[in-house]
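> Here is a sequence with its predicted model. Questions after.
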Amino acid sequence: MSIFTAESQARFAASYPEMPHKLQHRLDSHPLMTLDRLADLAEALPEASVEYNLADLPIVVEGKPGKSSLPIGDTIRRIGESGSWAVLKNVQQDPAYAALINELLDGIVPEVEARTGPMLSRRGFIFVTSPGGVTPCHMDPEHNILLQVRGSKVMTQFPVNDTRYVADELHEQYHSGGPREVPWLEALETGGTEFPIGPGEGLYVPVMAPHFVRNGPEPSISLSITWRSEWSYEEADARAFNGVLRRVGIQPGRPGRWPERNRGKALAWRVMRKAGLTKVAAHSG
């Protein structure tokens, strides 16, 4: 049985992959999603799979914010008072969490495959946030459903192809190894759509949709279940190839969004990558 209600399943099928929308889920108080269990997971994961920062942040930051003075396990166990934001990355590295991620994603495979083909690169990310914490504005390359398990938050999303929020050059830089953070623009103050979510609710985030998150007045636990599609990989590789074109003086056309495909530019970038030419291209122009 899917964790999503029948109504949510139908909404997802109608909206995927380009329209943000809210969902209702049955994940509720899963034993793998308690603070103690998450603290144990954080202490067991490789260091590169754990990131934690101070949570009192603006919606846009320059560089990486400072860390909590507590170790990661204590930061999570005391999240109500530690003033922190933590993300546990690729939690599918742990067998128990891998089983949970697969169980959750198996329920929407038919809807995903009907639109974007095979569900690739399944991953899970868990966010633990102190009251009032902010996740600064950024963008992600995956198809993503954020499931709220404890507490509440408001995610503000921006349209992907509107350069008032993120210039094409920034997309190109990200897909060539640059940062995912979005620099400050005045349009970010008023141009987004707010989606409040609480326990039992989820939110679909389209590929590379800029967004930031403000946590509610209680500690928050959220689980992002993510996947890639061949379409998303093609869009990413086309963006990277556009960066090459721009550096040699060509003004490239923006990659098409679904259902348009970007096979030509994606193939060109993959050929360059296989031939070891991408680093040369990054320093040309």
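Noted; the coordinates are in hand.
> where are the low-confidence patches of this structure?
1, 55-69, 279-285 (pLDDT under 70).
> That one: strands as residue ranges?
Ranges of strands in the chain, per DSSP state E, are 21-24, 50-54, 84-88, 120-129, 134-138, 143-150, 153-157, 193-197, 201-205, 211-215, 220-228.
> measure residue 197 to residue 206 for me?
The gap separating residue 197 from residue 206 is 16 Å, by CB to CB, to the nearest Å. Placement of C-beta: from N, CA and C, glycine included.
> what sits opposite the residue nearest to residue 180 when sequence neighbours are not counted in the beta ladder?
Leaving aside its sequence neighbours, residue 180 sits nearest to residue 138 (CB to CB, 6 or more residues apart in numbering; 4.6 Å). Applying DSSP bridges to residue 138 yields these beta-bridge partners: residue 181, residue 211.
> wait, residue 138 sits on residue 211?
Yes: taking contacts as CB atoms under 8 Å, residue 138 lies within contact range of residue 211: 7.2 Å.
> the more surrounded of these two?
Between residue 138 and residue 211, counting by other CB atoms under 10 Å, residue 211 is the more crowded of the two (26 against 17).
> can you tell me how far the more buried one sits from residue 44?
Following CB to CB, the distance that separates residue 211 from residue 44 is 29 Å.
> Return the residues in contact with residue 19.
For residue 19, the contact set (CB atoms under 8 Å, 6 or more residues apart in numbering) comprises 204, 206.
> so who does residue 11 touch?
Counting by CB under 8 Å, 6+ apart, the residues that residue 11 touches are 21, 23.
> Taking the centroid of this protein, which residue is nearest it?
Centroid-nearest residue in the chain: residue 140, 4.1 Å away (criterion: CA atoms, centre = their mean).
> Over to that residue: give its phi and psi.
Backbone torsions for residue 140, taken as degrees, to the nearest 10, come to phi -130, psi 150.
> Just list the residues touching residue 104, thanks.
3, 27, 147, 225.
> Closest to residue 83 out of these?
Closest approach to residue 83 among those (CB to CB): residue 147, at 24.0 Å.
> I figured the closest one hits residue 221, correct?
No: counting by CB under 8 Å, residue 221 is not a contact partner of residue 147; they are 9.5 Å apart.
> So those two - more neighbours on which side?
Each of residue 147 and residue 221 has its neighbours counted (other CB under 10 Å); residue 147 has more, 25 against 22.
> Show me what that one bridges to in the sheet.
Going by DSSP bridges, residue 147 forms beta bridges with residue 202, residue 223.
> Could you check how far it is from residue 5?
13 Å.
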